[in-house]
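1. I would like to see how this sequence folds:
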Amino acid sequence: MMTKADFVTAMKDALPDVFSSKAGAEKAYDAFCEILAKAVSKGEGARLPGVGSFTVVQRAQRTGRNPQTGATINIPARKAVKFSVAKTLADGLK
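-> Below you'll find the predicted structure:
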């Protein structure tokens with residue numbers, strides 16, 4: 001699995017004229033993640049062509065079971081982030 005350090009190095013190597021150092025590539029990566037997190041936290045979501053889309057979905061309240069005791073518990077409704085992969089990326093996995 002690619003780590004943040006691997007990704008930053010790959011960005012620097014792919015765009016040497018844009019990122020003269022790993023520090024610059026890391027700042028760009030951090031800014032990208034912050035912008036993505038802000039869009040998702042506002043409930044707007046984000047679409048990245050060729051990669052996929054992040055959307056906010058509402059999960060309904062449901063009944064669950066405590067695995068240790070077997071007791072029935074109520075799991076409250078909540079918002080969650082859903083990622084849908086883009087068709088071009090999914091087709092590339094075949």
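2. and the longest helix along the chain, what does it pack against?
-> Longest helix in the chain, counting residues (DSSP state H): helix 22-41. Applying 3 or more C-beta pairs under 8 Å, 6 or more residues apart in numbering; DSSP states H and E, one finds that helix 22-41 makes contact with helix 4-14, strand 46-48, strand 52-59. The way it works is simple: take the backbone N, C-alpha and C, and place the C-beta from them, glycine included.
3. and the first one, which residues are buried?
-> Translated: helix 4-14. 8-9, 11-12 (16 or more other C-beta atoms under 10 Å).
4. could you dump those residues to JSON lines with pLDDT and distance to T72?
-> As requested, the buried residues of helix 4-14 are arranged in JSON lines below (pLDDT from 0 to 100; distance: C-beta to C-beta, whole Å):
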{"residue": "V8", "pLDDT": "95", "distance to T72": "46"}
{"residue": "T9", "pLDDT": "95", "distance to T72": "49"}
{"residue": "M11", "pLDDT": "94", "distance to T72": "48"}
{"residue": "K12", "pLDDT": "95", "distance to T72": "52"}
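5. distance to A80 for those - can I get that in CSV?
-> Shown next, in CSV, are those (distance: C-beta to C-beta, whole Å):
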residue, distance to A80
V8, 28
T9, 31
M11, 29
K12, 33
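6. let me know the closest of those residues to P76.
-> V8 (37.7 Å; C-beta to C-beta).
7. test my guess that that closest one contacts G24.
-> No - V8 lies out of contact with G24 (C-beta atoms under 8 Å); the separation is 9.4 Å.
8. so what touches the helix or strand where D91 lies?
-> Here D91 sits within helix 87-92, counting by DSSP states H and E. The contact list for helix 87-92, computed with C-beta atoms under 8 Å, 6 or more residues apart in numbering, reads 50-52.
9. just the buried members of those?
-> G52.
10. sorry, back to before: from the buried residues of helix 4-14, which is closest to R65?
-> Proximity of the buried residues of helix 4-14 to R65 (C-beta to C-beta) peaks at V8, which lies at 42.4 Å.
11. now that closest one: how far from F19?
-> 9 Å (C-beta to C-beta, to the nearest Å).
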